[in-house]
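**Student:** my questions concern the predicted model and sequence given below.
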Amino acid sequence: MRTDYDRISERLSPMRRLEVRRHSFTKKGDDRGRGSDLSQPGVTAAHRLSFRGLGSPAGHRPPVHRVTMDGMPAPVSDDDYQRLLRFRTGLRRFERWSEEQAEAAGLTGAQHQLLLAVRAHPDRRGPTVSDLSEYLLLRHHSVVELIDRAVAAGLVRRTPDPSDRRLVRLRATRHGNAVLRHLTRAHLAELTRIAPGYERLWEGLEPTKHLAPERRIEA
């Protein structure tokens with residue numbers, strides 16, 4: 001049975017992970033790479049944003065490029081710019097609201113996201129550090145430091161994997177679960193409130209695959 005944690009995780013993840021797609025922002029051959037392969041390191045998220053569906057089916061669909069009848073890149077309309085502005089502004093507002101809610105509950109935004117990743121992980125033994133690195137888009141050592149602080153705050157605990165003693169898994173403490181439950185209810189209510197205004201903006205976006213380790217960020 002799907003839980004509140006599953007639903008909020010599904011809604012938040014596409015916002016934070018937008019599919020890497022190709023858009024011809026510059027002429028072909030631009031030495032900065034913005035008109036070429038956007039999977040290369042150093043290309044920013046702004047160059048990867050595409051207006052194709054948040055709710056894509058399992059598997060990876062081939063990229064679809066907007067072109068004119070003569071095969072040239074389709075022009076970017078005023079509506080495209082306005083949609084992108086509303087979408088990005090909405091993301092920033094939601095992120096700020098979420099951080100304020102976490103602070104009011106005595107957490108940092110990163111600790112809230114960590115708790116959500118630990119609780120929503122499908123394996124009930126708990127996620128590994130590598131799992132959390134993918135969820136949070138952080139490098140391994142940054143995740144370890146975040147875990148250390150969360151353990152010290154009594155939010156999570158480390159447990160050895162029963163089938164592989166080399167692995168350490170994370171579980172939320174009773175206190176951590178109680179705080180997360182409170183924040184999750186608030187976030188679900190806020191998402192329900194703002195979702196109708198975003199349906200048109202979300203249409204055409206796809207969630208990304210997990211970022212490669214070299215493309216993750218420092219905490």
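**Tutor:** That came through fine.

**Student:** where along the chain do the helices fall?
**Tutor:** 4-16, 78-104, 109-120, 129-136, 140-152, 174-202 (DSSP state H).

**Student:** any chance of those in a markdown table, plus mean pLDDT and distance to R165?
**Tutor:** (Each C-beta comes from the backbone N, C-alpha and C, glycine too.) Listed next are the helices of the chain as a markdown table, based on pLDDT from 0 to 100; distance: least, C-beta to C-beta, whole Å:
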| stretch | mean pLDDT | distance to R165 |
| --- | --- | --- |
| helix 4-16 | 51 | 28 |
| helix 78-104 | 93 | 34 |
| helix 109-120 | 98 | 20 |
| helix 129-136 | 96 | 15 |
| helix 140-152 | 97 | 18 |
| helix 174-202 | 91 | 24 |
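
**Student:** and R157, how many neighbours?
**Tutor:** 16 (other C-beta atoms under 10 Å).

**Student:** again, but for A102
**Tutor:** By other C-beta under 10 Å, neighbour count at A102 equals 21.

**Student:** could you dump the helices of the chain to JSON lines with distance to V168?
**Tutor:** Shown next, in JSON lines, are the helices of the chain (distance: least, C-beta to C-beta, whole Å):
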{"stretch": "helix 4-16", "distance to V168": "22"}
{"stretch": "helix 78-104", "distance to V168": "25"}
{"stretch": "helix 109-120", "distance to V168": "12"}
{"stretch": "helix 129-136", "distance to V168": "7"}
{"stretch": "helix 140-152", "distance to V168": "9"}
{"stretch": "helix 174-202", "distance to V168": "16"}
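
**Student:** deepest in the core, which of these is it.
**Tutor:** helix 109-120 (a mean of 22; mean count of other C-beta atoms under 10 Å).

**Student:** for D161, find the nearest of the helices of the chain.
**Tutor:** For D161, the closest of those is helix 129-136, at 11.4 Å, according to C-beta to C-beta.
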